[in-house]
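*Asks:* Task: produce atomic coordinates for the following.
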Amino acid sequence: MYLKNNTAKIFLLLATLSLPQMMAAQFNLQVGYGLSYHLNETYNRALEDFGKQNSWVNTNFKPLTFSHGLYIGLRNRWDWYGLGVSWRAQFLRNDAQGVMGNESYKKEYFHRFHDISVFHEFGNPWMDFGLSLDYTITSVSERHTGLSSKQTLGNSTGIGSHIYFNFYLAAGSFLDIALQPYLAWRWTSTNLNEVAKDLNSGDPLDKLKFHHLGLSLIFCNGNKRSQDID
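*Replies:* Below is the predicted model:
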């Protein structure tokens, strides 16, 4: 289980301590979608080497460049300050294809990036600056021709942060839209050595840090920015 470690316990303690302050005002529900650009040459080099080392591969894995997925958050605001919790889930499927023997063969990788966060925001009705403390979960699963179900190769947890800005557009009396550019920074390393073994990579993958840049479009209701302007 993910939560059976000290990192998760510390994160849950921080989230629990934040709840009394959040209960003092109305929750602001946030739902959105995000796109991230990843910065990890070491992992991409391991994917590239797989095609060079396996003669059956005609179309190799693409570099891990973009992932995308959901954003769900709960936030309260007190004038210029906001406090909330959020969950980001991003995904990427990648595959290598070719002919093994006389039959078509495909090997698929499924990447998942989860961030469970406590965040603080400071700003005005049009824009604010945000900073979060994240409990991160990175997992890679594999499936290939002849195997009907996925098998987990790597599963690593850690600590990270998001640094971001929200730019707001009032879309009505019950809806605001936020455009959120962000930097996701990993403070701890991700260990995917089992993936390295599966790829037969010469590079160890035990100290990866999946930093990434991103952009989210977030719809907000509840305690509205448009109401603050009035």
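*Asks:* Could you give me the buried positions within the helix or strand that residue 195 is a member of?
*Replies:* Applying DSSP states H and E as the criterion places residue 195 in helix 193-199. Residues of helix 193-199 classed as buried: 193, 194, 195, 196, 198, 199 (neighbour count, 16 or more other CB atoms under 10 Å). To be clear about C-beta, it is placed using only N, CA and C from the backbone, and glycine gets the same treatment.
*Asks:* just stretch 99-118 next, same as before
*Replies:* By 16+ other CB under 10 Å, the buried positions in stretch 99-118 come out as 105, 107-118.
*Asks:* Greatest separation within these: which pair is it?
*Replies:* 105 and 118 (44.8 Å; CB to CB).
*Asks:* next structured bit after the helix holding residue 195?
*Replies:* According to DSSP H and E, the helix or strand after helix 193-199 is strand 212-220.
*Asks:* List just the nearest of the buried residues of helix 193-199 to residue 212.
*Replies:* Taking those together and measuring to residue 212 by CB to CB, the closest member is residue 195, at 17.7 Å.
*Asks:* where does this structure dip in pLDDT?
*Replies:* For the chain, residues meeting the criterion pLDDT under 70 lie at 1-26, 171-172, 222-230.
*Asks:* at 50 instead, please
*Replies:* 1-4, 21-23, 223, 225-227, 229-230 (pLDDT under 50).
*Asks:* quick one, what contacts the most centrally placed residue in the chain?
*Replies:* What sits nearest the mean C-alpha location of the chain, by CA atoms, centre = their mean, is residue 113, with 4.1 Å. Going by CB atoms under 8 Å, 6 or more residues apart in numbering, residue 113 touches 36, 67, 69, 88, 89, 90, 91, 136, 137, 138, 210.
*Asks:* picking up where we left off before, which strands and helices sit next to the helix holding residue 195?
*Replies:* Judged by 3 or more CB pairs under 8 Å, 6 or more residues apart in numbering; DSSP states H and E, the packing partners of helix 193-199 are helix 41-53, strand 151-170.
*Asks:* Adding mean neighbour count, write these out as TSV.
*Replies:* Formatted as TSV, the helices and strands packed on helix 193-199 follow (neighbours: other CB atoms under 10 Å):
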stretch	mean neighbour count
helix 41-53	16
strand 151-170	18
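*Asks:* can I get the ones you listed in CSV with distance to residue 78?
*Replies:* Listed next are the helices and strands packed on helix 193-199 as CSV, based on distance: least, CB to CB, whole Å:
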stretch, distance to residue 78
helix 41-53, 41
strand 151-170, 16
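*Asks:* ok, the nearest residue to residue 81 once chain neighbours are set aside - how many residues close by?
*Replies:* Setting aside the residues directly before and after it, residue 81 is nearest to residue 122 in space (CB to CB, 6 or more residues apart in numbering), at 6.0 Å. For residue 122, the neighbour count with other CB atoms under 10 Å is 11.
*Asks:* what's across from residue 122 in the sheet?
*Replies:* residue 81, residue 129 (DSSP bridges).
*Asks:* from memory it sits against residue 78, does it?
*Replies:* No: assessed by CB atoms under 8 Å, residue 122 is found out of contact with residue 78, at 10.9 Å.
*Asks:* sec struct for residue 149, please.
*Replies:* At residue 149 the chain is in coil, as set by DSSP: H, G, I helix; E, B strand; the rest coil.
*Asks:* quick one: contacts for it?
*Replies:* Residue 149 neighbours (CB under 8 Å, 6+ apart): residue 143.
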